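In: Here is a sequence together with a model predicted from it:
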Amino acid sequence: MLRAGIVGASGYTGGELARILSLHPEVEISVATSRNYAGKRLSQVYPHLAGIADIVCEDVPIAELIHRADIFFTAVPHQTAMAIVPEFLEAGKKVIDLSADFRIDDPLVYEAWYQPHTAQEYLAEAVYGLPEINRHNIAGARLVANPGCYPTSIILALAPLLKKGLIELDTIVADSKSGTSGAGRGAQVGTLFCEVTDGFRAYKIGEHRHTPEIEQELGKLAGSQLTISFTPHLLPVSRGILSTIYGKLTRDIDPQEIFDLFQSFYQDEKFVRICRPGNFPATQYVRGSNYCDIGCKVDTRTGRVVLVSVIDNLVKGAAGQAVQNMNIICGFKESLGLEMVPLFP
């Protein structure tokens, strides 16, 4: 039985990790940490986990945790992760980091968007954990940088077209909307009920920190550096991401050809579902699941392709993808523990 540790178990992502891992047939949650809820059972923090994840949260030094798990999920804020991940690695443990600290290859780029990086020596080793694109490298990794939620929805939608050179790289626009859980569990005025309900707004226009991550990974797929326009929005819902992505096609292409390209590209991928022509995905059809649903439309009038990509930001956008990465690293069936049917309605 694999022993898994969740560092930062009381946040939304940590709670989702506990929910998923508690039913994984090959995993035991051996330790869960939380500064705010130390001494309390995780099921007291999240009552929906009663009888499922009753482990007691602890707040102890990393040195005391190291030998209590085989693999660690670090569900902590950026900057916190870079301070603790090296200790796990130096002790020979495998780590799946859900912060942004190890997603950016270039430390100068990271520092331009975040803050100084104190563990730069691990950036070259970290593997970007998007299984559908990077499975081979994930399999042998000891440090996986779990992708951000917005980037997951955008990269999966664009990958087939970029690999085929079918989009003009300077025309990509990504318009994304997220539920409020994407902002975390901490109390903030901007995500209070009265601030969000009955409303819809854009935020961090032109400056969202997922931008360099998106551009980095899209550039690898395209074989060339690129710059995109990315605008996130806050939806008055608890979870879910819908990204609408636009790009100018490099040639005339039949809508059926686009559909066939996506079907072929993702034909062996359990967690990517392609909508049939004329149909488009919605967040409620992936809620609580590890699926990414993608729909595509060729706008013959403008010569653009329009892509619609949806995920659950807490599952495929965070905890579910982290477990998918764990399965790959540990040689388990990739979908093990993740074959939950979306929750609808």
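Out: Happy to help now that I have it.
In: contacts and neighbour counts: CA atoms only from here.
Out: Fine.
In: Could you confirm Gly5 falls within a strand?
Out: Yes: using DSSP: H, G, I helix; E, B strand; the rest coil, the assignment for Gly5 is a strand.
In: Tell me, how many residues neighbour it?
Out: 25 (other CA atoms under 10 Å).
In: hang on, it packs against Ala32?
Out: Yes: Gly5 lies in contact with Ala32 (CA atoms under 8 Å); the separation is 5.8 Å.
In: tally of neighbours for Ala202?
Out: Neighbour tally, Ala202, other CA under 10 Å: 13.
In: Enumerate every residue touching it.
Out: 231-234 (CA atoms under 8 Å, 6 or more residues apart in numbering).
In: Show me which positions of the lowest-mean-pLDDT helix or strand in the chain end up buried.
Out: Within the chain, confidence by mean pLDDT, DSSP states H and E is lowest for helix 193-196 among all helices and strands, at a mean of 82. By 16 or more other CA atoms under 10 Å, the buried positions in helix 193-196 come out as Val196.
In: mind checking the end-to-end distance for stretch 190-197?
Out: 11 Å (CA to CA, to the nearest Å).
In: Run through who's touching that stretch.
Out: 180, 183, 189, 234-237.
In: partners of the helix or strand following the least confident helix or strand of the chain in the sheet?
Out: Later in the chain than helix 193-196, the nearest helix or strand by DSSP states H and E is strand 201-202. Paired strands of strand 201-202, with direction, are strand 229-234 (antiparallel) (DSSP bridges).
In: Just the C-alphas of the partner strand, formatted as PDB.
Out: Output in PDB follows, covering the C-alpha atoms of strand 229-234 (Å, rounded to 0.1, in the frame of the first residue of the first chain):
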ATOM      1  CA  SER A 229      -4.100  37.400 -24.800                       C
ATOM      2  CA  PHE A 230      -5.500  35.800 -21.700                       C
ATOM      3  CA  THR A 231      -8.400  37.200 -19.600                       C
ATOM      4  CA  PRO A 232      -9.900  35.400 -16.600                       C
ATOM      5  CA  HIS A 233     -13.400  36.000 -15.300                       C
ATOM      6  CA  LEU A 234     -15.000  35.100 -12.000                       C
END
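In: pLDDT weak spots in the protein?
Out: 187 (pLDDT under 70).
In: Excluding chain neighbours, what is closest to Val286?
Out: Distance criterion CA to CA, 6 or more residues apart in numbering; nearest residue to Val286, sequence neighbours excluded, is Pro342 at 5.0 Å.
In: So what does Tyr150 look like in phi/psi?
Out: phi -60, psi -50 (degrees, to the nearest 10).
In: Kindly provide the distance from it to Pro131.
Out: 16 Å.
In: ok, so of the contacts of stretch 190-197, who is nearest Gly92?
Out: Ala183 (32.1 Å; CA to CA).
In: Can you give me the first-to-last residue distance of stretch 225-244?
Out: 21 Å.
In: Could you check how far it is from the centre of its chain?
Out: The chain centroid and the centroid of stretch 225-244 are separated by 13 Å, computed with CA atoms, centre = their mean, to the nearest Å.
In: and what of stretch 255-266?
Out: Distance, centroid of stretch 255-266 to centroid of chain: 24 Å (CA atoms, centre = their mean).
In: Ok, stretch 58-69 next?
Out: 25 Å.
In: Max pairwise distance over the contacts of stretch 190-197: which two?
Out: Longest span within these, CA to CA: Val189 and Val237, 15.9 Å.
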